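J.: what shape does this take:
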Amino acid sequence: MNAIPVLQLFSQPQCSTFEPKDWEILAQHWYPVARIQDVSMQPQQVQLLDVKMALYQTESGAIQLVRDICPHRGVPLTKGWVEGEEIICPYHGLHYNTKGQCTKIPAQPELSKISERFSLTKFPVVLKYGLVWTSLFSRDEQLANFPVLDTWDDPEHQAILPPFVDIAGSSGRQLEGFIDVAHFAWVHHQSFADANNPIVPKYTTERTFYGLHTEYVSGVSNYPHGLQHLAPEGFLWKRIFDVYPPFSAVLKVEFPRQGVLKILNACCPVSSNKTRLFVPLTRNFDTTGDLQAVYDFNAQIFAEDQDMIESQKPEELPLDISMEAHFEADRSSTMYRRILAEWGLSKRYII
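T.: Model prediction:
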């Protein structure tokens with residue numbers, strides 16, 4: 001994958017938990033930071049790669065994302081408020097428009113031209129799959145390696161956006177766990193898998209222009225245990241993983257009777273060992289079913305994964321393949337690690 005042209009607008013925060021080289025590389029890419037439905041005219045703080053941001057909506061409905069700091073005296077803008085199309089700092093009442101320009105300093109109303117030093121650091125906003133996406137450095141969304149969830153706006157598929165999940169673990173470890181097919185019987189035996197069926201049939205993984213593609217077929221049902229009877233006897237489940245580094249992947253599960261479930265696993269690396277996980281999903285079956293049941297099942301599965309991710313050592317994902325042992329079913333994760341290493345990320349990078 002070619003490097004993304006970027007514009008570096010500021011330096012790595014002094015309190016950053018990332019190695020400088022890794023932060024520079026990761027800051028070039030795009031990540032989700034919030035659900036669109038959670039954005040309002042009340043500014044809220046979100047964090048990406050240790051950078052604190054103020055996220056808010058103006059009266060006209062425009063979603064804005066700026067660094068959460070007033071350039072005058074360093075007060076967080078999330079302590080302020082929105083009036084019309086402007087956000088107002090609570091310390092001295094400075095007004096900032098949607099271009100990040102200061103339009104008013106109440107203490108000096110006679111100023112006809114305000115210095116550009118009174119300007120906010122703005123971040124781009126892309127709305128996709130019910131999420132707000134941004135990048136610290138990239139400003140060209142056309143070159144972004146966004147994951148493809150092509151059923152999100154398909155009228156034949158129901159789009160569902162469960163609550164996000166906060167994980168005290170690295171985004172690299174979380175993403176690798178999502179594409180790991182060997183842990184089903186051990187970690188998810190209480191939700192959908194079978195503790196007596198741990199065997200992983202051989203599967204294929206290939207490099208692609210966006211990352212990697214894996215196709216895996218097994219007898220492990222994707223129905224919750226209470227609905228296992230819906231699967232025809234002998235039905236083989238096909239799972240297709242498309243990984244979009246650094247930290248997104250789409251899983252397609254082929255259900256009986258041409259049913260299709262797609263799950264987007266999209267990580268926001270809040271800091272080196274904190275991840276906010278967003279999981280938009282679609283399905284073309286049971287489209288009038290209980291959404292709360294979907295939320296509960298989704299929460300159960302990711303809680304099972306979370307317990308593993310938060311206890312792994314080292315906390316960061318080792319990109320030097322020789323640092324951990326591997327077996328054949330790990331082919332997807334080892335390829336994923338190699339891709340990140342080729343980008344120039346540290347062999348023991350903090351993520």
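J.: now do the domain split for the protein, please.
T.: Residue ranges for the domains of the chain, per the TED database: 37-143, 158-343.
J.: Throw those into a markdown table and include distance to F10, thanks.
T.: Every residue, glycine included, has its C-beta placed from N, CA and C. Below are those laid out as a markdown table (distance: least, CB to CB, whole Å):
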| stretch | distance to F10 |
| --- | --- |
| domain 37-143 | 6 |
| domain 158-343 | 17 |
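J.: which among those is found nearest to K21?
T.: Smallest distance to K21 across the domains of the chain (CB to CB): 10.4 Å, for domain 158-343.
J.: what about that closest one, distance to the chain center?
T.: Mean C-alpha position of domain 158-343 versus that of the full chain (CA atoms, centre = their mean, to the nearest Å) differs by 14 Å.
J.: that one spans what distance, first to last residue?
T.: This stretch, domain 158-343, spans 36 Å end to end (CA to CA, to the nearest Å).
J.: quick check: mean pLDDT across that domain?
T.: Averaged across domain 158-343, the pLDDT comes to 94.
J.: mind listing the helices in the stretch 1-150 of the chain by residue range?
T.: 20-26 (DSSP state H, counting those that start in this stretch).
J.: for it, give me the ranges with low pLDDT.
T.: 1-9 (pLDDT under 70).
J.: got the domains of the chain as a markdown table, with distance to W23 and mean neighbour count columns?
T.: Output for those, formatted as a markdown table (distance: least, CB to CB, whole Å; neighbours: other CB atoms under 10 Å):
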| stretch | distance to W23 | mean neighbour count |
| --- | --- | --- |
| domain 37-143 | 6 | 17 |
| domain 158-343 | 9 | 17 |
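J.: nearest to F18, out of those?
T.: Short answer: domain 158-343, nearest of those by CB to CB, at 5.4 Å.
J.: ok, longest helix in this structure?
T.: The longest helix of the chain (DSSP state H) is helix 291-309.
J.: what about P314, which SS state?
T.: Three-state secondary structure (criterion: DSSP: H, G, I helix; E, B strand; the rest coil) places P314 in coil.
J.: mind checking how far it is from M41?
T.: 42 Å (CB to CB, to the nearest Å).
J.: before we move on, back to that, of the domains of the chain, which is nearest Q14?
T.: Proximity to Q14 (CB to CB) singles out domain 37-143 among the domains of the chain, at 9.5 Å.
J.: of the domains of the chain, which is nearest T17?
T.: Closest approach to T17 among the domains of the chain is made by domain 158-343 (3.7 Å; CB to CB).
J.: so what's K79 up against?
T.: P90 (CB atoms under 8 Å, 6 or more residues apart in numbering).
J.: swap that for D150, please
T.: For D150, no contacting residues are found, by CB under 8 Å, 6+ apart.
J.: phi, psi for it please.
T.: Taking degrees, to the nearest 10, you get phi -70, psi -10 for the backbone angles of D150.
J.: what of the one 3 residues further on?
T.: Backbone dihedrals for D153, given as degrees, to the nearest 10, come out at phi -100, psi 10.
J.: bridged to the nearest residue to it once chain neighbours are set aside, which residues?
T.: Leaving aside its sequence neighbours, D153 sits nearest to A159 (CB to CB, 6 or more residues apart in numbering; 7.5 Å). Beta bridges link A159 to T282, judged by DSSP bridges.
J.: state the helix or strand in which the residue nearest in space to the middle of the chain lies.
T.: Nearest residue to the geometric centre of the chain (CA atoms, centre = their mean): C267, 2.4 Å. Assigned by DSSP states H and E, C267 belongs to strand 259-271.
J.: assign a three-state SS to the closest residue to Q312 other than its chain neighbours, would you?
T.: Nearest residue to Q312 in three dimensions, chain neighbours excluded: R173, at 5.5 Å (CB to CB, 6+ apart). Assigned with three-state DSSP, R173 falls in the helix class.
J.: now do the contacts for R173.
T.: Listed by CB under 8 Å, 6+ apart, the contact set of R173 reads 309, 312, 315-317.
J.: on that earlier part again, can you name the next helix or strand after the longest helix of the chain?
T.: Sequence order places helix 331-342 as the next helix or strand after helix 291-309, per DSSP H and E.
J.: just want the phi and psi numbers for the closest residue to N284 other than its chain neighbours.
T.: Nearest non-adjacent residue to N284, counting by CB to CB, 6+ apart: H157, 4.8 Å away. Dihedral angles of H157 (phi, psi; degrees, to the nearest 10) stand at phi -120, psi 140.
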